[in-house]
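Q: Show me the folded form of this:
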Amino acid sequence: VQTDSAKHGSFSPYGPAKPPPPGTAAPLLPKMRCEEAGMMKHELARQLAIRKARKVAELEAALAKQPTDGPKHKGGLPERGRLQLQLRMLRLMDRQAALRSEVEEAQEDILSMNERTYKKHVRQLDKQNVDLAKVVEKSKAEKSTALYKALRSWKSDLQDRYSSQRELRVVRGRAILRAHDRFLRGHTKSKEDDRTKRMEALKVGRTVHWWPNDLV
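A: Numbers count the residues shown, from 1 in each chain. Now for the predicted structure:
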């Protein structure tokens, strides 16, 4: 003797399972539904990857055809820059998805914690934040100290350089003054020599001019 459950081939603790209405498909089991959802998700990811690869190839081809200095388009951004921006956005999608999955996993881990574990986790985070703040302050202090030392060294180098240049200018000025004095003495001496020669020439000329009259 076959029971109703044996006839329909299924059994339920709440009573015999009712057969599906004629012309409709049998309902999927939970396991099959999970598998179907996973398959659909995998297929969607595959299609998105194909579309992304195609778009990246199109952008790379368009970017290769663009000149280095191309005309600007409506927004004021060069066409080459717009293509590069779109290409970078597409290449960052994988990184964004990985980061989003990491955040979701961390959030799920936090939600799965009990109250005691969660409080302990919060205390650890507070301690990490305090340690991180100390590290940041220490790094800032070290950078400030290094910058101050570099500025002092740079200032001392500038002072040494300017002092040496000032000494060189003083020495050069003194040398120029000595040269001017020497040139002035030489010029004065040459003028005196010329005056002496002119006077001697005048004396000689007067003697030569008056010599025949004396003879007469």
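
Q: Tell me how many other residues surround Leu168.
A: 10 (other CB atoms under 10 Å). Every residue, glycine included, has its C-beta placed from N, CA and C.

Q: Next up, identify which helix or strand it is on.
A: helix 115-215 (DSSP states H and E).

Q: Tell me which other helices or strands that helix touches.
A: Packing contacts for helix 115-215, counted by 3 or more CB pairs under 8 Å, 6 or more residues apart in numbering; DSSP states H and E, involve no helix or strand.

Q: From Lys134, how far off is Ala141?
A: In this view, Ala141 and Lys134 are 10 Å apart by CB to CB, to the nearest Å.

Q: same question, Glu167
A: Noted for Glu167: a distance of 49 Å to Lys134, by CB to CB.

Q: now Glu192
A: Separation of Glu192 from Lys134 (CB to CB) stands at 86 Å.

Q: Likewise for Arg172?
A: From Arg172 across to Lys134, the span is 56 Å (CB to CB).

Q: for Ser153, same thing?
A: Distance of Ser153 to Lys134, given as CB to CB: 28 Å.

Q: ok, how many other residues are close to Arg80?
A: 17.

Q: Surely it and Ala64 touch.
A: No: Arg80 is not in contact with Ala64 according to CB atoms under 8 Å; the separation is 10.4 Å.

Q: Please enumerate the shared neighbours of these two.
A: Between them, Arg80 and Ala64 share no contacting residue under CB atoms under 8 Å, 6 or more residues apart in numbering.
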